[in-house]
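Engineer: the sequence isn't on hand, but the structure is:
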């Protein structure tokens, strides 16, 4: 769960680059009365993001169910260990992805294109967003926007062991992204320089790679220790 939150925070550059324009467009589509009232603007921006996080949780629940089936019926003895090993490699892959050192990782986004093509028209029907409930519903649709980072997190989520835990994992990740995405709603038109910061992008990616390597060691070391102990016996 800590990893999920930290990844969310470190994805600031990616989130702004991926969704900053969308958030800006949604913010500018609000009435001047809402945009000029900081409290109302905060309510609408939070409603967008609440819907987005709920959609992450739904996706996490579905993927977690698949992971639970894999662990319980296909590999009951070593399933969770394999899932955690995959999760460690996913963290490293995300590091390269966020840093921009291996853009080919973005091809994973093609997985969600069919779903997005079905949901996008539903989002358009909610425009203009003039009610809080509309903002939440729009966020529910927005959460299914094809995003490599979200997909990598979904692939990691079954390692938390259980469908409910997978949903909670995605919720914590969403909360981690909440700070940058809420800020984007208030900084519309002022984020280009921050978004184009290669230095911050590289540092964020490098931190994720380091986290992934540490996670990998924590997963592999107990197995190596067990094997060594067995050989000595």
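Structural biologist: That came in fine, so what should we check first? Nothing here was measured: the structure is a model prediction, and the numbers come from that model.

Engineer: which ones are touching residue 65?
Structural biologist: 163, 166 (C-beta atoms under 8 Å, 6 or more residues apart in numbering). The way it works is simple: take the backbone N, C-alpha and C, and place the C-beta from them, glycine included.

Engineer: what about 10 Å?
Structural biologist: Residues near residue 65 by C-beta atoms under 10 Å, 6 or more residues apart in numbering: 158, 162-164, 166-167.

Engineer: output the lowest mean pLDDT helix or strand found in the protein.
Structural biologist: Across the helices and strands of the chain, mean pLDDT, DSSP states H and E gives its lowest value to helix 192-195, namely a mean of 52.

Engineer: element containing residue 174, please.
Structural biologist: helix 163-186 (DSSP states H and E).

Engineer: which elements pack onto that helix?
Structural biologist: helix 2-10, helix 12-29, helix 38-69, helix 148-156, helix 192-195 (3 or more C-beta pairs under 10 Å, 6 or more residues apart in numbering; DSSP states H and E).

Engineer: residues of stretch 159-171 that come out buried?
Structural biologist: 159-163, 165-171 (16 or more other C-beta atoms under 10 Å).

Engineer: typo on my end, stretch 84-95
Structural biologist: For stretch 84-95, using 16+ other C-beta under 10 Å, the buried residues are 84-85, 87-95.

Engineer: got a list of what the most centrally placed residue in the chain touches?
Structural biologist: Central residue of the chain (C-alpha atoms, centre = their mean): residue 150, 3.5 Å from the mean position. Taking C-beta under 10 Å, 6+ apart, we find residue 150 in contact with 11, 15, 18, 52, 55-56, 59-60, 108-109, 112, 143-144, 170, 173-174, 177.

Engineer: at 8 Å what do you get?
Structural biologist: Contacts for residue 150 (C-beta under 8 Å, 6+ apart) come out as 56, 59.

Engineer: same question, residue 128
Structural biologist: Residue 128 touches 29-30, counting by C-beta under 8 Å, 6+ apart.

Engineer: do residue 123 as well
Structural biologist: Neighbours of residue 123 in contact, by C-beta under 8 Å, 6+ apart: 138, 141-142.

Engineer: sort the residues you listed by pLDDT and name the bottom one.
Structural biologist: Across the contacts of residue 123, the bottom pLDDT score, 85, is held by residue 142.

Engineer: that one contacts residue 50, correct?
Structural biologist: No: with contacts counted by C-beta atoms under 8 Å, residue 142 stays clear of residue 50, the gap being 11.0 Å.

Engineer: if we can go back for a sec, the helix holding residue 174 to helix 38-69, inter-axis angle?
Structural biologist: Counting by axes from the mean of the first three to the mean of the last three C-alpha atoms, to 10 degrees, helix 163-186 lies at 150 degrees to helix 38-69.

Engineer: could you check how many residues crowd around residue 121?
Structural biologist: 9 (other C-beta atoms under 10 Å).

Engineer: where are the low-confidence patches of the protein?
Structural biologist: Across the chain, the ranges flagged by pLDDT under 70 are 12-22, 24-25, 74-78, 180, 183-197, 222-233.

Engineer: and if we set it to 50?
Structural biologist: 188-189, 192, 228, 230, 232 (pLDDT under 50).
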